[in-house]
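Colleague: Take this sequence and fold it.
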Amino acid sequence: QVQLVESGGGLVQAGGSLRLSCAASGRTFRVRTRGWFRQAPGKEREFVAAIAWSDGSTYYADSVKGRFTISRDTAKNTVYLQMNLLKPEDTAVYYCAATSAPIITLTDRYDSWGQGTQVTVSS
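Modeller: The predicted structure follows:
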């Protein structure tokens, strides 16, 4: 089992920035991909970004491309999500996740999840 703990959420004005962190522990040797998802009130959880643990290749949802950057620190077993030019529609609970599959956007292919961190963007 892999344990994931997110941090870094908060309240920010539109146009501002936040950086989320996700630290992993446990049986992380099986993890090939780490991802970020988000869920707004009344909506389904959606894919935001993913990174391949071995080579750092990345993939983004169209809605965040050019504004968000996912990165990793292999020594700390931590993934980051740098969020710039935030918009009110980015408001959601953000979850980090891990999977033994290669980069994939499907929520149900990720089997380890963090508890979530709230991001609120005011207009």
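Colleague: May I have the strands that pair with whichever strand or helix holds residue 25, each with its orientation?
Modeller: Residue 25 is part of strand 18-26 when elements are defined by DSSP states H and E. Applying DSSP bridges to the sheet, strand 18-26 is found paired with strand 2-7 (antiparallel), strand 78-83 (antiparallel).
Colleague: Need the contact partners of the first one.
Modeller: Applying CB atoms under 8 Å, 6 or more residues apart in numbering, the set of residues contacting strand 2-7 from outside is 20-28, 30-31, 94-98, 112-117. C-beta here means a position set from N, CA and C on the backbone, and glycine is covered the same way.
Colleague: Also the last one?
Modeller: In this structure, residues lying in contact with strand 78-83 by CB under 8 Å, 6+ apart are 17-24, 34, 36, 48-49, 51, 64, 67-73, 90, 94, 96, 119.
Colleague: In ChimeraX, how would I select the buried members of the contacts of strand 2-7?
Modeller: Only the buried entries of the contacts of strand 2-7 go into this ChimeraX selection, using 16 or more other CB atoms under 10 Å:
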select :20,21,22,23,24,28,31,94,95,96,97,98,112,113,114,116,117
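Colleague: give the contact list for residue 52.
Modeller: Residue 52 touches 32, 33, 58, 102, 103, counting by CB under 8 Å, 6+ apart.
Colleague: average pLDDT for the strand holding residue 25?
Modeller: Per-residue pLDDT over strand 18-26 has a mean of 97.
Colleague: Show me how far it is from its chain's centre.
Modeller: How far strand 18-26 lies from its chain's middle: 8 Å, per CA atoms, centre = their mean, to the nearest Å.
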